[in-house]
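In: Requesting a structural model of the entry that follows:
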Amino acid sequence: MDEKQQPQPGQMQTERDFNQQGEDTSPVQLAGRFGRKGNKWFSFDLPVDSAHPMILVVTYSNDGGRGSFDVLVDGQKLGSRMNERRSPEQEVRFIDVEYPVLPEMLKDKKKVTVRFEAKDGNAIPGVYGVRMVRGDSER
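Out: Numbering: from 1, shown residues only. Alright, predicted model coming up:
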């Protein structure tokens, strides 16, 4: 998938282009990068190519504080994430986490809704990138 077909969390125009929705969520900026955090949930509609295996790649940081949340695709749980608080002597880092998307989640679809949903009163610390890539192509 082409970068022009991917949202940039925290940037108003691309969030609009990818139908960003949410409840109790706000933009965030860290080390010159834009992102989105939330206390309840937020989502984006992402294009997919159901003829190929797809992987959701999400960029997080180690600076968001504690938080436990689920990652869903069209309402089905794809994975969970538990953030740990960064200690003051650690440098800020950005981490890409890959979530292989099950073929049945993509069947006959051109787009899916990727939702980040806080669990048990926790928060979603910060998402700095969210993109779908083909699982059968080089990255």
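In: quick one, helices of this structure?
Out: Remark: helices assigned in the chain by DSSP state H are 12-17, 103-106.
In: what about the ones you listed, which gets the closest to residue 36?
Out: Closest of those to residue 36 is helix 12-17, at 7.6 Å (criterion: Cβ to Cβ). C-betas here are computed from N, CA, C, even on glycine.
In: List the buried residues in the closest one.
Out: Counting neighbours by 16 or more other Cβ atoms under 10 Å, one finds that the buried residues in helix 12-17 are 14, 15, 17.
In: okay if I get the helices of the chain as JSON lines plus distance to residue 128 and mean pLDDT?
Out: Output for the helices of the chain, formatted as JSON lines (distance: least, Cβ to Cβ, whole Å; pLDDT from 0 to 100):
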{"stretch": "helix 12-17", "distance to residue 128": "13", "mean pLDDT": "93"}
{"stretch": "helix 103-106", "distance to residue 128": "23", "mean pLDDT": "94"}
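In: For this structure, give me the ranges with low pLDDT.
Out: 1-4, 65, 139 (pLDDT under 70).
In: hey, where'd the strands end up in it?
Out: 21-30, 33-47, 54-61, 67-73, 76-83, 94-101, 111-118, 124-127, 129-134 (DSSP state E).
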